[in-house]
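Trainee: can't give you the sequence, but here's the structure:
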């Protein structure tokens, strides 16, 4: 695309600079409004009664006493949803607003009390009497797949809005506890394994984890019986929520308004529809605005990541060239599909990694169980599978007797090479990225005893389905509004989109404002996820600006009575010979009135530069040096390096901060985080018991590098980032542990207990232990120059 | 019950229920929604406010305990349009993304620097470990506190010598 090369990187006025955040002052002064801060006139509060059983039939619910409680307005159950369509889900419509007939996990909402205040609603929950008949629960994937297993659903559901899209081609139905199955295959895997010289195989486990967005789920709904529904929500994907609400309430799209103020973190956990339809149903029931504010313990019971059991084998020929990969992935999807069918699809695609494999065979199943529903989690399937893939790359290298980095570099696909038949070729320099990370680690010098180092990488088909619509409004005073349906979730979209608009319109950044999402005003954007906003919405804003400029050009042609072809667009206006008209001058002279504005718009769809999928490959490259305390099994991170291969960083400092944030989430999964079930019950669903990374986990040395080759389809060659570096961390830690102590652990997190046990086992079999590698892996001769990697730019 | 206290430098008096937490009173009765709630169990530090310059978790601190004390929330830190050096340092260092932990983070850091303007990295890390951030990985926050400390230190010294 010629646009990408329009500006030389050095000539950018606004983009590629770490300008102040658009939401900065509001966020440091406490004036930033989040959905939890919204209060409406006559607003009532809802509280949820949750199931104590993982699998049970609801025999009866007695609400009489609860309804008599002071302050209680009404109580809603699954039996009283009347004319509403009570099931929702964008992939599978299997999720009831409230349990209907049956509960399918401990914590499933069974009834909602709506009261004048939060406390009255809370107190009335105890007065609801529910009679259950307990059923045998299906608590893990093994049980779910066993012959004659009890069925979590056992009914056929309708496909959701995304059925039939390229990522959800078929839906096997829920009759075998299988929510989704995906098969990826090319070449002849069996023959390749039969003739391979070196093979490693193993089973890996990636835990169930909780995103802990610090703002728990919240919605405020106002159902107007005249047929208008307004919902304020902490949702990442307001347009998908609108879709589900329109279906549940059978309303036209113009009658459902979803407003998303600032969002207090998401990391995937706030994608798609969560509590909005239930909150809206409460409002429908009492004909008043209703707020449903979950607490963190309830958020633990709302969404988690799919945990993954991965059986994987990888083969290489005698020259150390990869020849085949085969894997079976079992995702524990929990009680409802949510976005797990997509996680399933992506895990199957992404397990190939950024490597050249002539033969591949992958089977991935998303499996229903009677546990908290799993859905999107940062990395979307990639974190789950990168741990086994990159652990096994090290295992295979060591088995062959090669240095793991050298082995990776030998097999990594170069820019322009295809790794997946039919998909876009790799649009990144993965080998170069890996070398950068490796050089940073090597600059630590000789490896200290009980230290280990590893660089790992991942490669994700990112961006999701490209449908992104945007408008910019250019005002008669030269100020500009960007109307974008992307959610400002902390990633900095309000800043980055303003930078792009300022760059294109040639106006100072201070003159651009990005409005918060309101589906009544903004055009459709499929989602804020899959690292797509800079690439797709950024590109849409760029094109919308160019359309507005084209309109100004026509106006200028009329004003000056000259053909438009004689006019030249010049920073902030239009030039004709010596005449230079600014946007305000053009509008004032054209409309002959002050205060007007024009709209530029762009409709991106799967066409042109976005015809080929994925929209871009999101690369995750990270390196870690760990220090091991052999006595306790405690691992601490000494050095962390991330490499963001982002095409062009519209905002370098925020891009780096995203990489560090993602890597830190990876560190949490690598070392501490795991949701633990004991039978039916989630045992550690509180922040007292669920340990996430703290200040004191900050590594001694952090290096955040950016690679900016302008090789993406986004504005100025940009492509997405912010998820990649969550993926490699688990494998980095496991590989570094192996280097430090010779123990290979194939389950995360690497808790002190797990590591200590592995060290004891290692000691017990010491006589037969394989020779431990004692030195840091030697980097290959550094003959490749790193292109356009820049030091972070900071504001003075 | 009726309580009188000082809120962000101004005298205040309120009718409250004895069971109400400070966070509930500040958010619902005073409409100071810069006070954020997350874990509600004194783990995450998000709801941190200052009571007589000491950081407390407003989620579990009973409101009646602020009687005759000074309460500082994030809304009370800037003087007019002039940001507190910590607020400016958080902006300069991109020390937040979603911003939900930021009010508590800034107030905890203020308590630290008021007490120990020359805090070392180790002291900053130890003091701030009661405040969680899920977005940034903490480095930007550390850099912000370092910057504010460097800025505040001469003032602190001046104050001391002035006395």
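Mentor: Looks like it arrived, so ask away. Keep in mind that this is a model prediction, so the values were computed, not measured.
Trainee: host element of residue A:309?
Mentor: strand A:307-316 (DSSP states H and E).
Trainee: correction: the previous question concerned residue A:139.
Mentor: Applying DSSP H and E, one finds residue A:139 in no helix or strand.
Trainee: got the domain boundaries for chain B?
Mentor: B:2-76, B:85-162 (automatic domain parsing).
Trainee: geometric centre of chain B: which residue is closest?
Mentor: By Cα atoms, centre = their mean, chain B has its centre lying nearest to residue B:107, at 1.7 Å.
Trainee: pretty sure that residue sits against residue B:72.
Mentor: Yes: Residue B:107 lies in contact with residue B:72 (Cβ atoms under 8 Å); the separation is 6.9 Å. Every residue, glycine included, has its C-beta placed from N, CA and C.
Trainee: give the residues shared as contacts by those two.
Mentor: Counting by Cβ atoms under 8 Å, 6 or more residues apart in numbering or on different chains, the shared contacts of residue B:107 and residue B:72 are B:49, B:50.
Trainee: before we move on, the earlier item: partner strands of the strand holding residue A:309, with direction?
Mentor: strand A:198-206 (antiparallel), strand A:322-334 (antiparallel) (DSSP bridges).
Trainee: any weak-confidence spans in chain B?
Mentor: Applying pLDDT under 70 to chain B flags the ranges B:155-163.
Trainee: re the thing from before, buried set for the strand holding residue A:309?
Mentor: A:307, A:308, A:309, A:310, A:312, A:313, A:314, A:315, A:316 (16 or more other Cβ atoms under 10 Å in any protein chain shown).
Trainee: give me the local confidence score for the first one.
Mentor: If I follow you right, that is residue A:307. pLDDT for residue A:307: 98.
Trainee: which SS state does residue A:345 fall under?
Mentor: With DSSP: H, G, I helix; E, B strand; the rest coil as the basis, residue A:345 sits in helix.
Trainee: pretty sure it sits against residue A:183.
Mentor: No: contact criterion Cβ under 8 Å: residue A:345 and residue A:183 do not qualify, at 10.6 Å.
Trainee: check the gap between the closest residue to residue A:80 other than its chain neighbours and residue A:74 for me.
Mentor: Distances taken as Cβ to Cβ, 6 or more residues apart in numbering or on different chains put residue A:285 closest to residue A:80, at 7.4 Å, once the chain neighbours are dropped. Separation of residue A:285 from residue A:74 (Cβ to Cβ, to the nearest Å): 5 Å.
Trainee: over to residue A:749?
Mentor: For residue A:749, the distance to residue A:74 - Cβ to Cβ - is 44 Å.
Trainee: those two: which has the busier surroundings?
Mentor: Remark: of residue A:749 and residue A:74, residue A:749 carries more neighbours, 22 against 19, as counted by other Cβ atoms under 10 Å in any protein chain shown.
Trainee: show me what contacts the residue of the stretch 101-250 of chain A found nearest chain B?
Mentor: With Cβ to the nearest Cβ as the measure, residue A:214 is the residue of the stretch 101-250 of chain A nearest to chain B, at 4.4 Å. Residues in contact with residue A:214 (Cβ under 8 Å, 6+ apart) are A:264, A:265, B:36, B:38, B:44, B:46, B:98, B:100, B:101, B:132, B:133, B:134.
Trainee: swap in residue A:281?
Mentor: Per Cβ under 8 Å, 6+ apart, neighbours of residue A:281: A:76, A:81, A:84, A:97, A:98, A:112, A:248.
Trainee: now residue A:691
Mentor: A:668, A:672, A:673.
Trainee: find me the pLDDT at it, would you?
Mentor: Reading off the confidence values, residue A:691 has pLDDT 97.
Trainee: one step back: assign the residue nearest to residue A:80 to helix, strand or coil.
Mentor: Under three-state DSSP, residue A:285 falls in the helix class.
Trainee: wait, what's in contact with it?
Mentor: For residue A:285, counting by Cβ under 8 Å, 6+ apart, the contacting residues are A:74, A:76, A:80, A:114.
Trainee: thought the second one was touching residue A:98?
Mentor: Yes: applying Cβ under 8 Å as the test, residue A:76 and residue A:98 come out as touching, 6.6 Å apart.
Trainee: what is in contact with these two at once?
Mentor: With Cβ under 8 Å, 6+ apart as the test, residue A:76 and residue A:98 both reach A:111, A:112, A:281.
Trainee: the most far-flung residue of chain A relative to its centre and chain B, how far apart?
Mentor: Distance from the C-alpha centroid of chain A peaks at residue A:561, with 51.4 Å (Cα atoms, centre = their mean). The gap separating residue A:561 from chain B is 47 Å, by Cβ to the nearest Cβ, to the nearest Å.
Trainee: same question, residue A:538
Mentor: Taking Cβ to the nearest Cβ as the measure, residue A:538 falls 17 Å from chain B.
Trainee: nearest residue to that residue other than its sequence neighbours?
Mentor: In this structure, residue A:538 finds its nearest non-sequential neighbour in residue A:715, 4.5 Å apart by Cβ to Cβ, 6+ apart.
Trainee: cool, residue A:397 as well?
Mentor: residue A:407 (3.7 Å).
Trainee: surely the one you found is within a helix?
Mentor: Yes: assessed by three-state DSSP, residue A:407 belongs to a helix.
Trainee: next, count neighbours for residue A:565.
Mentor: Residue A:565: 8 neighbours (other Cβ under 10 Å).
Trainee: torsion angles phi and psi at residue B:62?
Mentor: With angles defined as degrees, to the nearest 10, residue B:62 sits at phi -70, psi 140.
Trainee: OK, contacts around it?
Mentor: B:18, B:19, B:20, B:21, B:22.
Trainee: now the second one: how far from chain A?
Mentor: It refers to residue B:19. 9 Å.
Trainee: look up how far residue B:26 lies from that residue.
Mentor: Separation of residue B:19 from residue B:26 (Cβ to Cβ): 15 Å.
Trainee: neighbour count winner among those two?
Mentor: Neighbours per residue, other Cβ under 10 Å: of residue B:19 and residue B:26, the larger number sits with residue B:26, 24 against 10.
Trainee: for whichever residue of chain A sits closest to chain B, what are its contacts?
Mentor: Residue nearest to chain B within chain A (Cβ to the nearest Cβ): residue A:30, separated by 2.0 Å. Contacts here follow Cβ under 8 Å, 6+ apart; on that basis residue A:30 touches B:32, B:33, B:34, B:35, B:73, B:74, B:75, B:103.
Trainee: so the second one, which state does it fall into?
Mentor: Three-state secondary structure (criterion: three-state DSSP) places residue B:33 in coil.
Trainee: who touches it in this structure?
Mentor: So residue B:33 contacts A:30, A:33, A:34, A:36, A:37, B:27 (Cβ under 8 Å, 6+ apart).
Trainee: just the buried ones from those, in PyMOL syntax?
Mentor: Here is the PyMOL command that selects the buried residues among these (16+ other Cβ under 10 Å):
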select buried, (chain A and resi 30+34+36+37) or (chain B and resi 27)
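Trainee: distance to residue A:499 added to the contacts of residue B:33, as JSON lines?
Mentor: Below are the contacts of residue B:33 laid out as JSON lines (distance: Cβ to Cβ, whole Å):
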{"residue": "A:30", "distance to residue A:499": "25"}
{"residue": "A:33", "distance to residue A:499": "23"}
{"residue": "A:34", "distance to residue A:499": "24"}
{"residue": "A:36", "distance to residue A:499": "29"}
{"residue": "A:37", "distance to residue A:499": "27"}
{"residue": "B:27", "distance to residue A:499": "34"}
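Trainee: any chance of the contacts of residue B:33 in TSV with secondary structure and distance to residue A:289 as columns?
Mentor: Listed next are the contacts of residue B:33 as TSV, based on DSSP: H, G, I helix; E, B strand; the rest coil; distance: Cβ to Cβ, whole Å:
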residue	secondary structure	distance to residue A:289
A:30	coil	24
A:33	coil	16
A:34	strand	17
A:36	helix	15
A:37	helix	15
B:27	helix	18
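Trainee: I'm done for today, thanks for sticking with me.
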